[in-house]
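Trainee: have a look at this fold, sequence not included:
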Ligand SMILES: *Cc1c(COP(=O)(O)O)cnc(C)c1O
């Protein structure tokens, strides 16, 4: 008779075999394809703030001058890191209800020719706006500065052409349009960015924030031995969301997100009682739609009511908590079904004109057909 196992019954989360280097490298390559880049892609074991901070601390040093484009709350976070690296920081802040233009960035660069680093957020999930990265990147490239892009809320939700645009440090996370976990993230590093980081005596070394450690111990070493045990659960989940995106196709995933935003905006405009926070359609992020509630309707209460019905709705952050609703139509929620359910629930609390469901369906069909 064999003795009873001292271990309790199995869980899919427990007793995992180690995740090998070859599998880890294959996942990195698939992330690179998602970013349309041939640059090194380093998958990091943590929420996306890890590679964002690692990129800034690697590339920026005392004596650097950074242009920090602030189009939402994440830009404010970057400003703090840039200053703590000893950089002189020029903040270019624009109203969060729209996008920054390439002309505004060009003007800021011309005014301060010594700017050598630019931080920019692609899509802002918190405020629902998105920036024209292709045009901005061209201006930054002409100036000669490095460009770091926070693409956490845009990857898989809108076109992202890291190399064609000339993005030097492109950071993504799995938790938004990829429909994956928050505990895994990645950054692509261009040759120019590696040169800058390698030459930076202040760049983190022998640190969890060190991109150089990954370069020396992993990328340049042929990706055959992992420098430390990877977070298996997160890596497996990242692999699963790559499987799903590839099966659906990246183009179809992006189209679903675009259509969800278009449909929700069309429905809300027809309903009439709430209004999109981001005024211009071209500046509206496909990942999430932010809405201003009427004076009589407290957004925190409304968001709680919708969230209680498992709808992906939350109230705005900080000062916008009582006046802004945020609809997170990303990942599996980038669907016509979610948009119609949210609109139907909104109409119960904020009645308005009829025909809003038809308007949403029409906008969805047009956007998917593009
Ligand atoms: C969601 C998001 C992140 C990740 O931050 P969380 O607070 O973990 O959600 C970073 N940057 C942007 C632009 C995001 O939208």
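Mentor: Thanks, I have the structure now. Everything numeric in this text was worked out from a predicted model, so none of it was measured.
Trainee: so what pLDDT did residue 1 get?
Mentor: What the model reports as pLDDT for residue 1 is 50.
Trainee: hmm, residue 119 is touching residue 148, no?
Mentor: Yes - Residue 119 lies in contact with residue 148 (Cβ atoms under 8 Å); the separation is 4.9 Å. C-beta: built from backbone N, CA, C; applies to glycine.
Trainee: which positions in this structure make contact with the ligand?
Mentor: Selection of the chain residues close to the ligand by Cβ under 6 Å from any ligand atom yields 47-48, 74, 121, 124-125, 150, 152-153, 173, 176, 182.
Trainee: pLDDT, neighbour count and secondary structure added to these, as JSON lines?
Mentor: Shown next, in JSON lines, are the residues of the chain next to the ligand (pLDDT from 0 to 100; neighbours: other Cβ atoms under 10 Å; DSSP: H, G, I helix; E, B strand; the rest coil):
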{"residue": "47", "pLDDT": "96", "neighbour count": "18", "secondary structure": "coil"}
{"residue": "48", "pLDDT": "97", "neighbour count": "26", "secondary structure": "coil"}
{"residue": "74", "pLDDT": "92", "neighbour count": "22", "secondary structure": "helix"}
{"residue": "121", "pLDDT": "98", "neighbour count": "31", "secondary structure": "strand"}
{"residue": "124", "pLDDT": "96", "neighbour count": "26", "secondary structure": "strand"}
{"residue": "125", "pLDDT": "95", "neighbour count": "25", "secondary structure": "coil"}
{"residue": "150", "pLDDT": "98", "neighbour count": "27", "secondary structure": "strand"}
{"residue": "152", "pLDDT": "98", "neighbour count": "28", "secondary structure": "coil"}
{"residue": "153", "pLDDT": "98", "neighbour count": "30", "secondary structure": "coil"}
{"residue": "173", "pLDDT": "97", "neighbour count": "28", "secondary structure": "strand"}
{"residue": "176", "pLDDT": "97", "neighbour count": "26", "secondary structure": "coil"}
{"residue": "182", "pLDDT": "93", "neighbour count": "15", "secondary structure": "coil"}
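Trainee: residue 246 falls within a helix, correct?
Mentor: Yes - assigned with DSSP: H, G, I helix; E, B strand; the rest coil, residue 246 falls within a helix.
Trainee: neighbours of it, just the number please.
Mentor: Counted with other Cβ atoms under 10 Å, residues neighbouring residue 246 total 13.
Trainee: what residues are up against the residue nearest the centre of the chain?
Mentor: Here the mean C-alpha position of the chain is nearest to the C-alpha of residue 152 (Cα atoms, centre = their mean), at a distance of 1.5 Å. By Cβ atoms under 8 Å, 6 or more residues apart in numbering, residue 152 lies in contact with 48, 125, 171-173, 175-176, 185.
Trainee: with residue 283 instead?
Mentor: So residue 283 contacts 98-99, 129-131 (Cβ under 8 Å, 6+ apart).
Trainee: ok, of these, which one's closest to residue 309?
Mentor: For those, the closest approach to residue 309 (Cβ to Cβ) belongs to residue 129, at 26.8 Å.
Trainee: what about the closest one, distance to residue 116?
Mentor: Separation of residue 129 from residue 116 (Cβ to Cβ, to the nearest Å) stands at 26 Å.
Trainee: so those two - more neighbours on which side?
Mentor: residue 129 (27 against 20).
Trainee: please parse the protein into its domains.
Mentor: Taking automatic domain parsing as the reference, the chain has its domains at 21-247, 250-368.
Trainee: nearest to residue 10, of those domains?
Mentor: It is, among the domains of the chain and with distance given as Cβ to Cβ, domain 21-247, at 14.6 Å.
Trainee: what about the closest one, how long is it end to end?
Mentor: Counting by Cα to Cα, to the nearest Å, you get 24 Å between the two ends of domain 21-247.
Trainee: same deal with stretch 106-122?
Mentor: Termini of stretch 106-122 sit 17 Å apart (Cα to Cα).
Trainee: and stretch 114-134, by the same measure?
Mentor: Stretch 114-134 end-to-end distance (Cα to Cα) = 22 Å.
Trainee: how far away is the residue nearest to the centre of the chain from residue 210?
Mentor: For residue 152, the distance to residue 210 - Cβ to Cβ - is 21 Å.
Trainee: what about the strands in this protein?
Mentor: Under the criterion DSSP state E, strands of the chain are mapped to 40-44, 65-70, 88-93, 117-121, 123-124, 129-130, 146-150, 169-173, 185-189, 275-276, 289-292, 313-315, 324-327.
Trainee: who does the third one pair up with?
Mentor: Looking at strand 88-93 with DSSP bridges, its partner strands are strand 65-70 (parallel).
Trainee: how far off strand 117-121 does the strand it pairs with point, in degrees?
Mentor: Compare the direction of strand 65-70 with that of strand 117-121 by axes from the mean of the first three to the mean of the last three Cα atoms, to 10 degrees and you get 10 degrees.
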